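Asker: Build me a structure from this.
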Amino acid sequence: MTLNSVAARTPDGHSLFDNLSLAFGRERTAVVGRNGVGKTTLLRLVAGLAEPAEGMAARAGTVGWLSQTYEPAPGETVAETLGAAGPLALLARVLAGEGSVEDMAEADWTLEARLDEALAQVGLTGLAMDRATSSLSGGEQTRLRLAGLMLAAPDLIVLDEPTNHLDAEARTLVAEVVGRWPGGVLTVSHDRGLLRRMDRIVELSSLGARVYGGGWDLYVERRDAERAAAERDLESAEREVGRAAREAQTALEKKAKRDKAGRAHRAGTSDPKILLDAKAQRAEESGAREGRLAERRRTEVEARLTEARERVEQARLLSVPMPSTGLAAGKAVLALDGVEWRSPEGRLIVGAASLRLTGPERVAITGPNGSGKTTLLKLISGELEPTAGRIERPVAAALLDQAAAILKPDETLIEAWRRLNPEGTPNDAHAALARFLFRNTAAHRTVGTLSGGERLRAALACVMTGTKPPQLLILDEPTNHLDLDSIAAIETALAAYDGALVIVTHDRDFMDNVGVDREVRLARPD
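Answerer: Numbering: from 1, shown residues only. Sure, this is the predicted structure:
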């Protein structure tokens with residue numbers, strides 16, 4: 001797959017990238033970059049689902065596509081999702097003695113064995129072919145579609161966030177499949193465990209694409225070195241601009257002194273006017289030449305400053321300050337004793353959970369999909385009350401889910417802050433949001449227009465900057481839908497937070513980086 005001088009634009013004409021040239025072969029490549037730079041668009045170009053605005057996309061092999069979201073057709077079966085319904089029906093006719101000569105020639109006698117192997121590799125052993133795909137969980141559907149790619153065996157598979165919404169076990173299965181894939185792999189992902197299996201990483205930004213050999217850890221090492229160099233270049237450029245300005249001012253002052261001396265000499269001399277005019281013209285030309293040199297020098301150093309500033313702005317991570325909560329080390333934060341929750345139909349969702357938090361502890365709630373993790377967070381926050389057992393919540397808490405549902409899509413950030421902090425003034429709201437990088441007109445943006453990272457940052461601004469910041473933060477899959485830079489910014493903020501944390505996440509790197517003290521693993525209720 002080759003992209004030659006390719007450009008992509010949004011439907012309203014906004015440029016995502018220009019003059020992009022890349023080639024993809026039999027290696028594992030990940031595309032990283034901030035939300036909105038065109039990562040998914042690039043994948044769609046490679047998969048043939050979109051055409052470039054300019055340039056050429058050439059394919060010399062077969063390409064398979066795994067989208068981030070999937071909606072099964074009404075009545076769609078597992079066999080249909082796998083792309084095996086027709087071949088299985090043909091094989092059944094032949095085995096029943098009802099096949100034609102053509103059926104006999106076309107029958108794939110290895111299909112059933114390959115189906116079993118593909119399903120086993122994605123943890124779906126024994127899945128019935130006639131089962132409705134819609135009856136599977138989202139994570140199971142993702143694994144099923146990955147098994148379908150394994151059956152089709154294209155030369156290049158293109159995966160858009162393949163581990164999103166998967167539990168830790170399923171993430172590991174997907175990473176192992178990608179690691180064993182005999183052809184090429186191209187993926188967009190913020191799963192650092194998966195990124196460590198890559199052969200190279202393409203960083204996409206408004207400045208273009210940079211290719212780094214190796215996996216995630218080597219990429220981070222080189223990227224950080226480049227960011228440090230960009231900071232040094234910016235400091236040097238700023239010094240040059242100051243020096244050029246001083247040189248230009250010195251040149252102006254010298255010219256003014258010469259002009260003054262010239263006028264005094266002209267007034268007090270008896271030299272012929274033609275000679276005086278010639279001297280004045282030479283002085284004027286000399287001054288103009290010096291002025292042009294100074295202007296050229298100033299233009300050059302300011303251009304270098306602009307370029308250096310752009311590189312640094314692309315590189316600098318978001319900085320999210322976290323105010324102190326004043327939580328004492330021995331303060332009781334949370335107590336759950338034998339807590340259960342059943343659905344209105346009586347189905348057990350969370351069973352017999354007990355947990356105690358004291359002081360600024362950090363606890364991760366883990367377990368397979370369907371084990372009740374999100375429901376447990378709602379019980380902890382008070383959004384739900386237990387059907388059995390007891391919960392004590394001695395401190396103020398805030399629940400932030402992956403969609404930051406605490407914010408309303410149609411309200412501005414100022415309106416959201418004031419709704420959640422009714423004692424605050426508009427000036428308080430502006431000051432609080434500015435601390436979280438929503439300055440001036442950005443504070444009047446509507447919540448529905450924010451990216452995932454911006455929305456989570458806005459939610460933190462609204463709950464953390466009131467008169468009494470919550471001493472317990474409850475986070476449900478906070479890294480879903482965030483780009484890697486936003487994840488790093490949130491990690492840095494939470495590492496500096498002095499309150500208690502309860503987090504549901506399948507991201508082991510995230511747990512380590514925010515300083516999780518212990519892990520509580522839930523099992524699926526019987």
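Asker: can you list contacts of the helix or strand hosting Ile380?
Answerer: Ile380 is part of helix 373-381 when elements are defined by DSSP states H and E. For helix 373-381, contacts defined as Cβ atoms under 8 Å, 6 or more residues apart in numbering pick out 334, 336, 339, 341, 349-350, 353, 365-367, 384-386, 391, 393, 397-399, 401, 474, 476, 502, 504, 522. Glycine gets a C-beta too; all of them are placed from N, C-alpha and C.
Asker: buried ones in it?
Answerer: Neighbour counts using 16 or more other Cβ atoms under 10 Å place Lys373, Thr374, Thr375, Leu376, Leu377, Lys378, Leu379, Ile380, Ser381 of helix 373-381 among the buried residues.
Asker: next one: that helix to chain centre, how far?
Answerer: Centroid separation for helix 373-381 versus its chain: 25 Å, with Cα atoms, centre = their mean, to the nearest Å.
Asker: Give the buried residues for the next helix or strand after it.
Answerer: Sequence order places strand 388-392 as the next helix or strand after helix 373-381, per DSSP H and E. The neighbour-count check on strand 388-392 (16+ other Cβ under 10 Å) flags Gly389, Ile391 as buried.
Asker: still on that earlier bit, Serialize the buried residues of helix 373-381 to TSV and add fields for pLDDT and distance to Arg518.
Answerer: Putting those into TSV (pLDDT from 0 to 100; distance: Cβ to Cβ, whole Å) gives the following:
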residue	pLDDT	distance to Arg518
Lys373	92	15
Thr374	90	20
Thr375	93	20
Leu376	94	15
Leu377	93	16
Lys378	93	21
Leu379	94	19
Ile380	94	15
Ser381	92	19
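Asker: Let me know the closest of those to Arg419.
Answerer: For the buried residues of helix 373-381, the closest approach to Arg419 (Cβ to Cβ) belongs to Ser381, at 17.7 Å.
Asker: shaky segments in the stretch 301-450 of the chain?
Answerer: In the predicted model of the stretch 301-450 of the chain, residues 301-320 satisfy pLDDT under 70.
Asker: and if we set it to 90?
Answerer: 301-323, 345-347, 351-352, 367-371, 400-406, 423-424, 431-442, 448-450 (pLDDT under 90).
Asker: which stretches of it form helices?
Answerer: Assigned by DSSP state H, counting those that start in this stretch, the helices in the stretch 301-450 of the chain fall at 373-381, 413-420, 426-435.
Asker: Tell me which of those helices lies nearest to Val6.
Answerer: Of the helices of the stretch 301-450 of the chain, nearest to Val6 by Cβ to Cβ is helix 413-420, at 35.8 Å.
Asker: buried residues in that closest one?
Answerer: Result for helix 413-420 [16+ other Cβ under 10 Å]: buried residues Leu413, Ile414, Glu415, Ala416, Trp417, Arg418, Leu420.
Asker: quick one, what contacts the fifth one?
Answerer: Trp417 sits next to Gly424, Ala429, Ala432, Leu433, Ala461, Cys462, Thr465 when contact means Cβ under 8 Å, 6+ apart.
Asker: how near is it to Leu407?
Answerer: Applying Cβ to Cβ, to the nearest Å, the value for Trp417 to Leu407 is 10 Å.
Asker: Identify the contacts common to those two.
Answerer: With Cβ under 8 Å, 6+ apart as the test, Trp417 and Leu407 both reach Cys462.
Asker: Mind putting the buried residues of helix 413-420 into CSV with distance to Ala58?
Answerer: Formatted as CSV, these follow (distance: Cβ to Cβ, whole Å):
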residue, distance to Ala58
Leu413, 45
Ile414, 50
Glu415, 50
Ala416, 48
Trp417, 51
Arg418, 54
Leu420, 52
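Asker: thought Asp498 was touching Thr325?
Answerer: Yes - with contact defined as Cβ atoms under 8 Å, Asp498 reaches Thr325; the gap is 5.7 Å.
Asker: okay, those two: which has more neighbours?
Answerer: Using other Cβ atoms under 10 Å, the more surrounded residue of Asp498 and Thr325 is Thr325, with 20 against 14.
Asker: Touching, that one and Pro469? I think so.
Answerer: Yes - at 4.8 Å, Thr325 counts as touching Pro469 under the criterion of Cβ under 8 Å.
Asker: Return every residue with contacts to both of those two.
Answerer: Here Thr325 and Pro469 share the contacting residues Gly499, scored by Cβ under 8 Å, 6+ apart.
Asker: where in the stretch 51-200 of the chain is pLDDT low?
Answerer: Within the stretch 51-200 of the chain, the set of residues satisfying pLDDT under 90 comprises 68-70, 91-108, 137-140, 164-171.
Asker: so how far is stretch 453-464 from its chain's centroid?
Answerer: 15 Å.
Asker: Check which residues of it are buried.
Answerer: Gly453, Glu454, Arg455, Leu456, Arg457, Ala458, Ala459, Leu460, Ala461, Cys462, Val463, Met464.
Asker: now, which of those lie within strands?
Answerer: Among these, no member falls in strands (DSSP state E).
Asker: Pipe those residues into a markdown table and attach distance to Phe438 per row.
Answerer: Shown next, in a markdown table, are the buried residues of stretch 453-464 (distance: Cβ to Cβ, whole Å):
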| residue | distance to Phe438 |
| --- | --- |
| Gly453 | 12 |
| Glu454 | 8 |
| Arg455 | 11 |
| Leu456 | 12 |
| Arg457 | 8 |
| Ala458 | 7 |
| Ala459 | 12 |
| Leu460 | 11 |
| Ala461 | 7 |
| Cys462 | 10 |
| Val463 | 14 |
| Met464 | 13 |
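Asker: which of these lies closest to Gly25?
Answerer: For these, the minimum distance to Gly25 (Cβ to Cβ) is 32.2 Å, reached by Gly453.
Asker: which non-adjacent residue is nearest that closest one?
Answerer: Ser486 (3.0 Å; Cβ to Cβ, 6 or more residues apart in numbering).
Asker: The one you found in helix, strand or coil?
Answerer: helix (DSSP: H, G, I helix; E, B strand; the rest coil).
Asker: wait, what's in contact with it?
Answerer: Counting by Cβ under 8 Å, 6+ apart, Ser486 makes contact with Arg34, Asn35, Leu318, Ser451, Gly452, Gly453, Leu456, Arg457.
Asker: count of residues packed around the fourth one?
Answerer: Taking other Cβ under 10 Å as the neighbour definition, Ser451 ends up with a count of 15.
Asker: With the first one instead?
Answerer: If you count neighbours by other Cβ under 10 Å, Arg34 ends up with 19.
Asker: separation between it and Ala495?
Answerer: From Arg34 to Ala495 the distance is 21 Å (Cβ to Cβ).
Asker: With Ala332 instead?
Answerer: 23 Å.
Asker: If you count neighbours, what's buried in stretch 19-36?
Answerer: Leu20, Leu22, Phe24, Arg28, Thr29, Ala30, Val31, Val32, Gly33, Arg34, Asn35.
Asker: wait, stretch 463-481
Answerer: Within stretch 463-481, the residues that qualify as buried are 463-466, 469-481, counting by 16+ other Cβ under 10 Å.
Asker: Which ones among these lie within strands?
Answerer: Within the buried residues of stretch 463-481, residues falling in strands by DSSP E are Leu472, Leu473, Ile474, Leu475, Asp476.
Asker: Fine by me, we can end here.
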